[in-house]
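[1] predicted structure and sequence below. I'll ask about it afterward.
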Amino acid sequence: MEFKYVPTTCPYCGTGCGFNLVVVDKKVVGVQPWQRNPVNEGKLCPKGNYAWEFINAPDRLTKPLIKKDGKFEEASWDEAYKLIASKFKSYKPEEMACLASARVSNEENYLMQKFARAVMKTPNIDHCARLCHASTVVGLAGAFGSGAMTQSIADIAESKCLLVIGTNTFEQHPLIGRRIMQARANGAKVIYADPRLTPTGKQADLFLQFYSGTDVALLNCFMQQILKNGWENKDFVKNRTKDFEKVKEVVMKDTYSPENVSKITGIPAADIITAAEWFGKSGQSAVLYSMGITQHTTGVDNVKSVANLQMLTGNLGRPGTGICALRGQNNVQGACDMGALANVYSGYQSVLVPEMKKKMEDAWGCEIAEGKVGLTVTTLVNTLADEPGKVKCVYIMGENPMLSDPDLHHVEKGLKNAEFIVVQDIFLTETAQFANVVLPAACFAEKDGTQTSTERRVQKWRKAQDPPGEAKADWQIFCELAKVMGYEKQFPYKSAEDVFTEIAKVTPSYGGMDYARLEKPEALHWPCPTKEHPGTPILHKEKFTHPDGLGIFTPIEWKAPAEVPDKDYPLLLTTGRCIWHWHTGTMTRRSVDLEREEPTGWVEINPEDAKALGIKDKEMVKASSRRGEITIGARVTPTIKKGVVFMPFHFVECAANILTNNALDPVAKIPEFKACACKLEKIEEA
Amino acid sequence: MAKKGDMLYAWTNDAAIKEKAELGGAVTALWKYALESKAVDAVLVITKGTDLYDAVPVLIKDPKDLVKTAGSLHCGTLLLPKLVKKYLEGAETMKLGVTVKGCDAMAFYELAKRKQINLDNVVMIGVNCGGSVSPVLARKMITEKYGVDPNTVHKEEIDKGQFIIEYEGGHKGISVDELEEAGYGRRSNCRRCKMKIPRQADLACGNWGVIGDKAGKATFVEVCSEKGANLVSGAVKNGILATEAANPKGLRSAGKSKAQCSSLATSGASTTSKHSVKVKTGSRRS
């Protein structure tokens, strides 16, 4: 019997917890704590604890599949590559699009954007960051010049006051939730703002239960109170920012008085005043947020309002302060860093700057896609659905838009309109069912690589077992397909490390990193521009990343969600995750222990709303919106605000995203998952 | 021939082990003999992972591999019986040697009561443990309280009530009492643990009571079972291990140290700072 530990990084949320994969006789059979890891110190959440259970699931993809007469047939890699290459060569660049993945490694995201831009010559490359934190990237980059979490996770424990808004941290980032509790144990005040009294909220000192989509009003009111009472950091505002007066003019309006904002948000005015006082006076306040802030048509506005608040109070650049934009997926930060976005190359180097395009052409040794912003995930689906024939071919790696995107009927229509779809994944997902060719990929435990967590820490994956059957690492697939397409010279890599070496060469913020430096459990936080640089756990210590070093205030007026309750759809639907499952359930629903805990979806409804509708707890009900309907079990609970209902979006049999609204933030193009109008109805027996 | 109840000084005659191991290398030598004599099929012990602070369990079948597990690591508390139960078929299909701390020994018995481990197939060598320090906190403590780069530390131990580090350029010790009052120090479970000396194991080993010319060169071994006695006798007969009866003065010293060691559990860190407690904390490597 062979027994060994392989230390690696968790494949679920963006916290970046380390654990040991237990390998017996060359198969992963368990997860054990890795106490040496500085992020989680050996602690794990349920998903991390059971992260091994899907790896050897019996329905892993093991051979390439080609659809013939509507049915998948097993094929050789050569057959699959030849078919794909011939199809790719038959389309014009603008007729093709690629979706990279926040689930796979930095190396593989880098290669997919390189493949899209250098081989397919298309600017249409994006990934699901568009669905979660696109507004963070745009909003924080606008305010500070860098669109990432400003702090390290450990810093949170040093805060004196935490505003936790739009993040159910205990369930979505449990090991960051641990830091909230450490801060509280050290005397910090915790303010929790959410439509639901979640497990996170139950540990708070003050719970602000508000209507989804009223964040800007609440944040502006905080700023008004802070200014009225002189709690702002005048030196910080004067020396490190600009355009403060524009924000002051807006937030001081009577619209944002506690009394008026109480009417907008549903929070008692006294609680808003208390929260503003705690936050404004602590001297060391941090904001934690996640998709409750970002997934709105006003996502960028929400993020910029958070930035305004932190600049106003001078809570940036020090331990225990800052903006903790908690990235959802394990490598959503890295996929953005790698340029798997429609508007940037790796390191956020704009595709619109000719020098950047030339830099990439020189580095890659070939002409690349036109220097223009390509289609995003959301605009791609809209184009497929609404402008048939404009985009004909889609190459998808490790994404499942048929469950993760809003308005699933619309997504289905789009995918059906595509002529040729390639899906590269570990399971035959809901999206893969629409593919013409499916390529079997290795999962996180079956390859080396790196991922970048929410705190910009670049950490290693280490191979623990071989992929099943003929499955291959995504980076290998790109190399082999590029060779068939005539680009072997551009994809000469023999290992993931070779790819990382190239990443470091062309990506300034990763310039000082290499596999040897990342081998330590501490790894490195970007920016790390040189080999001697120790990495940067806290951003913006002395100055912001804009050329003049100043942070930029942006005046923001509150706007209601794109779709609000009315007489036909009188309830406000918000969606999210639960602690037991991950996004589209592709991995967690194949985990026996996790699936047993939460085997299907539900809709939470306030007892008063339930009583008015005659709905009892656990009763199956019809939930509908202007986009579709589902049947789902009711959970009647006082923890949700009256007038609001909540559904987790993991479950295909009652997919919340059939109901959600595809309305987009005008700048970040992120959909409004967190607010749409819906109704619940009893199912009358025939 | 050793017998249950014996108190011995023991050291190895194996040059390779002697060079790498601490306190005469008795534990490593015993496991080497156990493997070579087929008394066990494999040995589950701890080795260094990323660095000194990273304790990693390994299953050793080839006696030649044992030498890399020699020495002490004090930051890992891995609860090895759980691994035996979950991944090694509860020792049903193989005879297993395991180096255990008190917590491990307790867990072995609890799992055996639940019929999840077959203790008939397990040989335990216990090592005294005054408590372990979690790796991340240990590094923080060394950085902040000792002013030393934790990457330069090559040895750490608790001795005479102090947490002592040896690093490139010197050594430093700070009382455990002071460290724990400042929020550092041992894991909270370790502070209340009463099983500092695992006599439920087949042999209980430590570094107390070894005086005279054997001080620092031999391990104090208490023979706790017939299985343990057979292991010592076999190793001595094989020539890999040498023993002698513990010095009576050393035994008195050991008795005092054992009492002090046990009192760590109930009276906390303050006891360690007041007395000379010669105890190797958390050592589980062979």
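    Yep, that arrived. Bear in mind that the values here come from a model prediction, so they are computed numbers and not experimental data. Residues are numbered from 1 along each chain as shown, chains lettered A, B, ... in the order given.
[2] enumerate every residue touching the residue in the stretch 151-300 of chain A that chain B sits nearest to.
    Per C-beta to the nearest C-beta, residue A:154 is where the stretch 151-300 of chain A lies closest to chain B, at 9.2 Å. The way it works is simple: take the backbone N, C-alpha and C, and place the C-beta from them, glycine included. Counting by C-beta atoms under 8 Å, 6 or more residues apart in numbering or on different chains, residue A:154 makes contact with A:38, A:179, A:537.
[3] ok, now with 10 Å
    By C-beta atoms under 10 Å, 6 or more residues apart in numbering or on different chains, residue A:154 lies in contact with A:38-39, A:41, A:179, A:182, A:319, A:455, A:537, B:136, B:140.
[4] pLDDT weak spots in chain A?
    A:686 (pLDDT under 70).
[5] who in it is up against chain B?
    Contact residues, chain A versus chain B (C-beta under 10 Å from any C-beta of the partner chain): A:1-7, A:20, A:22-24, A:29-30, A:32-42, A:154, A:519-522.
[6] residues of stretch A:199-210 that come out buried?
    For stretch A:199-210, burial by neighbour count (16 or more other C-beta atoms under 10 Å in any protein chain shown) applies to A:200-201, A:203-204, A:206-210.
[7] same question, stretch B:207-215
    In stretch B:207-215, counting by 16+ other C-beta under 10 Å, buried: B:207-211, B:214.
[8] quick one: residue A:482 is in a helix?
    Yes: the assignment for residue A:482 by DSSP: H, G, I helix; E, B strand; the rest coil puts it in a helix.
[9] for the residue nearest to residue A:276 when sequence neighbours are not counted, what are its contacts?
    Distances taken as C-beta to C-beta, 6 or more residues apart in numbering or on different chains put residue A:225 closest to residue A:276, at 3.6 Å, once the chain neighbours are dropped. Contact analysis of residue A:225 by C-beta under 10 Å, 6+ apart lists A:231, A:251, A:256-258, A:261, A:272-277, A:279-280.
[10] try it again with 8 Å
    Here residue A:225 is in contact with A:231, A:258, A:272-273, A:276-277, A:280 (C-beta under 8 Å, 6+ apart).
[11] so how many other residues sit close to residue 254?
    Went with chain A since none was named. 8 (other C-beta atoms under 10 Å in any protein chain shown).
[12] look at chain B instead
    Neighbour tally, residue B:254, other C-beta under 10 Å: 23.
[13] any idea how far it is from residue B:176?
    When distance is defined by C-beta to C-beta, to the nearest Å, residue B:254 is 20 Å away from residue B:176.
[14] returning to that earlier point: drop anything exposed from the residues of chain A next to chain B.
    The neighbour count (16+ other C-beta under 10 Å) marks A:3, A:5-7, A:20, A:22-24, A:29-30, A:32-42, A:154, A:521-522 as buried among the residues of chain A next to chain B.
[15] burial count for residue 245?
    Going with chain A. Residue A:245 has 10 neighbours, counted by other C-beta under 10 Å.
[16] let's do chain B instead
    By the criterion of other C-beta under 10 Å, residue B:245 has 11 neighbours.
[17] OK, contacts around it?
    B:6-9.
[18] mind running it again at 7 Å?
    residue B:8 (C-beta atoms under 7 Å, 6 or more residues apart in numbering or on different chains).
[19] do you know how far it is from residue B:13?
    Distance from residue B:245 to residue B:13, by C-beta to C-beta: 18 Å.
[20] where along the stretch 201-350 of chain A do the helices fall?
    A:215-228, A:234-240, A:244-251, A:258-265, A:269-281, A:291-294, A:299-312, A:332-337 (DSSP state H, counting those that start in this stretch).
[21] nearest to residue A:568, out of those?
    Of all those, helix A:258-265 sits nearest to residue A:568, with 22.5 Å by C-beta to C-beta.
[22] now do the strands in the stretch 151-286 of chain B.
    B:153-159, B:162-167, B:170-175, B:203-206, B:219-223, B:241-245 (DSSP state E, counting those that start in this stretch).
[23] how far does the fourth one sit from the chain's center?
    Right, strand B:203-206. 8 Å (C-alpha atoms, centre = their mean, to the nearest Å).
[24] ok, now the last one?
    A distance of 19 Å separates the centroid of the chain from that of strand B:241-245, by C-alpha atoms, centre = their mean.
[25] repeat that for the fifth one.
    Put simply, strand B:219-223 sits 11 Å off its chain's centre (C-alpha atoms, centre = their mean).
[26] what segments of the stretch 51-200 of chain B are helices?
    B:80-87, B:102-113, B:135-144, B:176-181, B:188-192.
[27] and the last one, how far out from the chain middle?
    For helix B:188-192, the gap between its own C-alpha mean and the chain's C-alpha mean amounts to 17 Å (C-alpha atoms, centre = their mean).
[28] cool, and the second one?
    Relative to the chain's own centre, helix B:102-113 is displaced by 16 Å; criterion: C-alpha atoms, centre = their mean.
[29] on that earlier part again, buried members of the contacts of residue A:154 into PyMOL, please.
    To isolate the buried ones among the contacts of residue A:154 in PyMOL, judged by 16+ other C-beta under 10 Å, type:
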select buried, (chain A and resi 38+39+41+179+319+455+537) or (chain B and resi 136+140)
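[30] biggest separation within the contacts of residue A:154, which pair?
    Farthest pair in the contacts of residue A:154 (C-beta to C-beta) is A:41 and A:319. Separation: 18.0 Å.
[31] before we move on, back to that, which ones among the buried ones among the residues of chain A next to chain B map onto strands?
    Mapping these onto strands (DSSP state E) picks out A:3, A:5-7, A:20, A:22-24, A:29-30, A:32-33.
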